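Asker: following is a predicted model, sequence given first.
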Amino acid sequence: MLRLQDPLTGAVYSTLSDSDGHFSFGQIPKGIYVLHIEAGTAPGGRGYDSTDLLVRLSDTAKQAMLLLTRSDASAGSCGGTSLELRSSLD
């Protein structure tokens, strides 16, 4: 499950991803939101941790891809799940 929450008004928008990880929230008012992704298992059986990301939605935003990556702790890194926002043209 994915959830967008407006930290000022408390408004919440939720959606589920499909078996390939694709999701859409539809029409969301512009503003700054906390995107929360629940822990779970990705296709192929890889697990991932719950993750939060601060995002800004605007009228001029371009379509983008959110890449969820899990890394193990090593070389001074705590590991865990990270999010990367990429232009859909990358």
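Answerer: Structure's in. What do you need? Source: prediction; values computed, not measured. Residues are numbered from 1 along each chain as shown.

Asker: report the contact partners of residue 50.
Answerer: 36-39, 81 (C-beta atoms under 8 Å, 6 or more residues apart in numbering). Where you see a C-beta, it was placed from the backbone N, CA and C, and this is true even at glycine.

Asker: could you do residue 7 as well?
Answerer: 32-34.

Asker: does it belong to a helix or a strand, and which?
Answerer: Counting by DSSP states H and E, no helix or strand carries residue 7.

Asker: what's the pLDDT at it?
Answerer: pLDDT, residue 7: 92.

Asker: how far away is it from residue 39?
Answerer: 21 Å (C-beta to C-beta, to the nearest Å).

Asker: apart from its neighbours in sequence, what residue is nearest residue 41?
Answerer: Spatial nearest neighbour of residue 41, chain neighbours left out: residue 47 (5.3 Å); criterion: C-beta to C-beta, 6 or more residues apart in numbering.

Asker: sorry, wrong one. I was asking about residue 33.
Answerer: With C-beta to C-beta, 6+ apart as the criterion, residue 33 has its nearest non-adjacent residue at 4.3 Å, and that residue is residue 4.

Asker: and if you look at residue 37?
Answerer: residue 51 (4.9 Å).

Asker: tell me how many other residues surround that neighbour.
Answerer: 17 (other C-beta atoms under 10 Å).

Asker: one more: residue 32?
Answerer: Count around residue 32 with other C-beta under 10 Å applied: 12.

Asker: so what's it bridging to?
Answerer: When bridges are called by DSSP bridges, residue 32 pairs up with residue 56.

Asker: tell me the contacts of it?
Answerer: Residue 32 touches 6-8, 54-57, counting by C-beta under 8 Å, 6+ apart.

Asker: any idea of the pLDDT on it?
Answerer: For residue 32, pLDDT reads 93.

Asker: how far away is residue 4 from residue 50?
Answerer: 15 Å.

Asker: which one of the contacts of residue 32 is nearest residue 24?
Answerer: residue 57 (12.8 Å; C-beta to C-beta).

Asker: and the spatially closest residue to that closest one that is not a sequence neighbour, how many neighbours does it have?
Answerer: Leaving aside its sequence neighbours, residue 57 sits nearest to residue 30 (C-beta to C-beta, 6+ apart; 5.1 Å). Counted with other C-beta under 10 Å, the neighbours of residue 30 add up to 11.
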